[in-house]
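[1] I need the structure of the sequence given here:
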Amino acid sequence: MFQKLNVLLKMNMKTFATFFAAILISISSFAAAPGSNPSLPVYDSHGLAMQFLGNSRVKAGNTIAVELNSSFQTMAELIVENSQGKQLVDTPYEVAMGVNVLKFSVSEIPSGVYFIKVKTELKTEILTFVVQ
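    Okay, the predicted model is just below:
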C-alpha cells in the first residue's frame, strides 16, 4: 500500500497536470426535470442526492460516472481524494437543478480506495469508489 502511495507522490507535475486536465475536460453535466429519475429521490428544498451510474469498482483506464440529483441550483466544490485524505481534484462545479452527470477517467489513478465529495453551503454528499 505504501509503495502505491509513493508512486502517486512521485508523479511529476506534468503527469498530474495531464490527469487533472483529463478530469476537468471529461466532467459533463446536463439538467433534466426534477424528479425525472424516480430511483434518486429529492428529500426537501435542500435535497442533494448522489449515486453511481454503473459499478463503484472500476478497472484502471476506464471512466466512472456519477449522477447528482439536486432540488436547487447552486455552486458546489467537487473533490476527489484518496483514502489517505490527499486531494487529487478540488474544483468549483455548478450544480443545475435536476439531474447532473459527472464523468471522469481513472486512467492516471493507481489502484486503491477514493472518495468523491460534492459540497454545497447546505449539504455534502460523499461516494466511495475503488480503482482495481
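[2] what are the pairing partners of the helix or strand N69 falls within, and which direction each?
    Element membership for N69, per DSSP states H and E: strand 63-70. The strands beside strand 63-70 in its sheet (DSSP bridges) come out as strand 48-52 (antiparallel), strand 98-105 (antiparallel).
[3] between the ones you listed, which gets nearest to D90?
    For the strands paired with strand 63-70, the distance to D90 is smallest for strand 98-105, at 13.4 Å, taking C-beta to C-beta. Where C-beta positions appear, they are placed from N, C-alpha and C, glycine not excepted.
[4] Tell me which helix or strand comes right after the closest one.
    Tracing the chain past strand 98-105, the next element assigned as helix or strand by DSSP H and E is strand 112-119.
[5] Summarise which helices and strands the helix or strand following the strand holding N69 is packed against.
    Reading on from strand 63-70 to the C-terminus, the next helix or strand found by DSSP H and E is strand 74-82. In terms of contacts (3 or more C-beta pairs under 8 Å, 6 or more residues apart in numbering; DSSP states H and E), strand 74-82 is packed against strand 87-95, strand 112-119.
[6] Could you rerun that using 10 Å?
    Contacts defined by 3 or more C-beta pairs under 10 Å, 6 or more residues apart in numbering; DSSP states H and E place strand 74-82 against helix 2-9, helix 13-26, strand 63-70, strand 87-95, strand 98-105, strand 112-119, strand 124-131.
[7] where does this protein dip in pLDDT?
    For the chain, residues meeting the criterion pLDDT under 70 lie at 1-46.
[8] Nothing else from me, thank you.
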